[in-house]
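*Asks:* dropping a prediction and its sequence here:
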Amino acid sequence: MADFSFIGDKTDPGFGVYVHWPFCAAKCPYCDFNSHVRHQGVDQARYVAAFLKEMEEARRLSGPRTVTSIFLGGGTPSLMDPATVDAIMNGISRFWHVPDGIEITLEANPSSVEATRFRGYRSAGVNRVSLGVQALNDRDLKFLGRLHNVEDALKAIGLARDIFPRMSFDLIYARPKQTVEDWEAELKQAVSYAVDHLSLYQLTIEEGTPFFGLHKAGKLIVPDGDQSALLYEATQDITASIGMPAYEVSNHAAPGAESRHNLTYWRYGDYAGIGPGAHGRLTIGREKLATATERKPETWLDLVEANGHGMIDQEVLGYDEQSDELLLMGLRLKEGIDLVRWEALSGRAPDPEKERFLIEHGFIERIGNSRLRCTPSGMLILDAVVADLAC
C-alpha cells in the first residue's frame, strides 16, 4: 500500500463545515432532501443551542482544523433569522479556525427573500448566496411546486447581486414537454442575469416523492434518454459560449468562481456535517470517518440535548470504500481524479482492459500520466463509467 500522507487532489481539498437547516415553507413534489414543513413555527434559539453542541462533538472528532468554506443548506436556510445565522457563524469560529475571506454560502428561496434579511446575512458573514430559482416561467414554477413566481425570482436575483460579493442560482431542466428550443431560450435568459456561477440540474424522479407516484402511474412523462442528452448538450454549448463552462456535471462557472465548498466534496476532502440529516467525512489519523445524524428534526433535537450530538452513525471507511467514493465524486469534475491518490487508496491501477474499452468508446481520457477524467459523452453515462472502473 502506498503512502497515505497525500492530502490533495488537484489542490488541497480543504475542510468544510456544512450546517443543515431542515425546514421549508412547503415541500416541493420532486424533492427528496431532508426538509420538513412546520406550520406552528420553529424555536430557532433552541436549534442554535443544539447546533453549537453538535459542533463541539464534531470538533472533538476532527481536532483543530482550518475551515476553508462554510455552507448553510437545507431545507430553506433563508427562513432563518439573521441573528440565528450570526450565532452559527460565531459557533463555527469558536470551534475551528476561520480565516477572513473564506467562502460562506447560504441557500435561499426567492419566496423567502427580503432586502433586510439579506443584509442581515451579509452582516453575519455570508458572502455567497445560492438561489433556488428552478425555472423562469410561471407555468413550470407552479408545476415544480415553487412558492415564488418569475417576478419574485428576478427581484431576489437583483437583491443578491447588489448585496453579496458572489451569487449563484439553480435551474431545473428536462421538464415535461420541454423542447431543446424552449430550454435554449430560457437558459439564454438565465445567463443574462447570472454573475459567475449557475447550477443546472436535470429533473430526476426520486422514490418517495409525489412525482415518483405520478411518474409510476404514467401521469408525469419526462424527456427520454435521447431528448435529455440533447438538452444536456445544449446546456454545455450555451454556458461554454459565455465563459461559464461546466466544471462539474451540473455546475458551471467562470474560471475562479467555482463553489469552493462543493469542490471540497468532489475532491473528496473533509467536512463536518451539523444538523438534522447532515453527513460528514473526517480524516482521523490514517482513517476516514463517515458520520450521519438523525433526519427528523425533533428527534435530532432531543438526541443533541440528551447526548451532546445527534449522530446515529459513525463508520470507519476502509480503503476500498474510500477509493470508490473518491472515484464517484471525482469523476463528476471536469478535472477528473488524481490517479496517484486513487491508486494509493485502492491498492491497484485501473483495470487495463476496462480502461482501454472506455477510452476507445470515447467515455474517458487520460490527462498526462497522472489524471483520468470523463469526456462529455462519458458524463452522460457517469454511473456506468464509475461502476466499470470501480470493479
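*Replies:* Arrived safely, thanks for sending.
*Asks:* I'd say residue 156 and residue 130 touch.
*Replies:* No - using CB atoms under 8 Å, residue 156 makes no contact with residue 130, being 11.2 Å away. Every C-beta, even on glycine, is put in place using the N, C-alpha and C of the backbone.
*Asks:* which residues are in contact with both of those two?
*Replies:* residue 108 (CB atoms under 8 Å, 6 or more residues apart in numbering).
*Asks:* can you tell me how far the residue nearest in space to the middle of the chain is from residue 118?
*Replies:* With distances taken as CA atoms, centre = their mean, the residue of the chain nearest its centroid is residue 262 (5.7 Å). Distance from residue 262 to residue 118, counting by CB to CB, to the nearest Å: 22 Å.
*Asks:* likewise residue 360?
*Replies:* 51 Å.
*Asks:* and residue 323, by the same measure?
*Replies:* 42 Å.
*Asks:* for stretch 302-314, the distance to its chain's centre please.
*Replies:* Using CA atoms, centre = their mean, to the nearest Å, the mean C-alpha position of stretch 302-314 is found 24 Å from that of the whole chain.
*Asks:* what average pLDDT does it get?
*Replies:* Averaged over stretch 302-314, pLDDT sits at 97.
*Asks:* now stretch 250-261: mean pLDDT?
*Replies:* 97.
*Asks:* dump it to PDB, restricted to CA.
*Replies:* In PDB, the C-alpha atoms belonging to stretch 250-261 read as follows (Å, rounded to 0.1, in the frame of the first residue of the first chain):
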ATOM      1  CA  SER A 250     -24.300  20.200 -13.200                       C
ATOM      2  CA  ASN A 251     -22.300  23.200 -12.200                       C
ATOM      3  CA  HIS A 252     -21.000  26.000 -14.400                       C
ATOM      4  CA  ALA A 253     -18.700  28.900 -13.500                       C
ATOM      5  CA  ALA A 254     -16.400  31.500 -14.800                       C
ATOM      6  CA  PRO A 255     -12.700  30.400 -14.100                       C
ATOM      7  CA  GLY A 256     -12.000  31.000 -10.400                       C
ATOM      8  CA  ALA A 257     -15.700  31.300  -9.400                       C
ATOM      9  CA  GLU A 258     -16.300  27.600  -8.800                       C
ATOM     10  CA  SER A 259     -18.000  26.700  -5.500                       C
ATOM     11  CA  ARG A 260     -15.100  26.200  -3.100                       C
ATOM     12  CA  HIS A 261     -17.300  24.200  -0.700                       C
END
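*Asks:* for the remainder of this discussion, apply numbering that starts at 738.
*Replies:* Sounds good: first residue 738 from here, last item stretch 987-998.
*Asks:* before we move on, the earlier item: check which helices and strands whichever strand or helix holds the residue nearest to the centre of the chain sits against.
*Replies:* Following DSSP states H and E, one finds residue 999 within helix 997-1003. Here helix 997-1003 touches strand 752-758, strand 806-811, strand 840-845, strand 1007-1011, helix 1056-1067, going by 3 or more CB pairs under 8 Å, 6 or more residues apart in numbering; DSSP states H and E.
*Asks:* strands paired with the helix or strand that the longest one is followed by, and their directions?
*Replies:* As assigned by DSSP H and E, the chain's next helix or strand after helix 1056-1067 is strand 1074-1075. Counting by DSSP bridges, the strands paired with strand 1074-1075 are strand 1108-1111 (antiparallel).
*Asks:* of residue 1097 and residue 855, which one has the most company?
*Replies:* For residue 1097 versus residue 855, neighbours defined as other CB atoms under 10 Å are more numerous around residue 855 (22 against 9).
*Asks:* pretty sure the more buried one contacts residue 896?
*Replies:* Yes - at 5.5 Å, residue 855 counts as touching residue 896 under the criterion of CB under 8 Å.
*Asks:* hang on, the earlier thing: looking at the helices and strands packed on helix 997-1003, which has the lowest confidence?
*Replies:* Among these, helix 1056-1067 has the lowest mean pLDDT, at a mean of 94.
*Asks:* elements contacting that helix?
*Replies:* Applying 3+ CB pairs under 8 Å, 6+ apart, one finds that helix 1056-1067 makes contact with helix 997-1003, strand 1074-1075, helix 1076-1083, helix 1119-1127.
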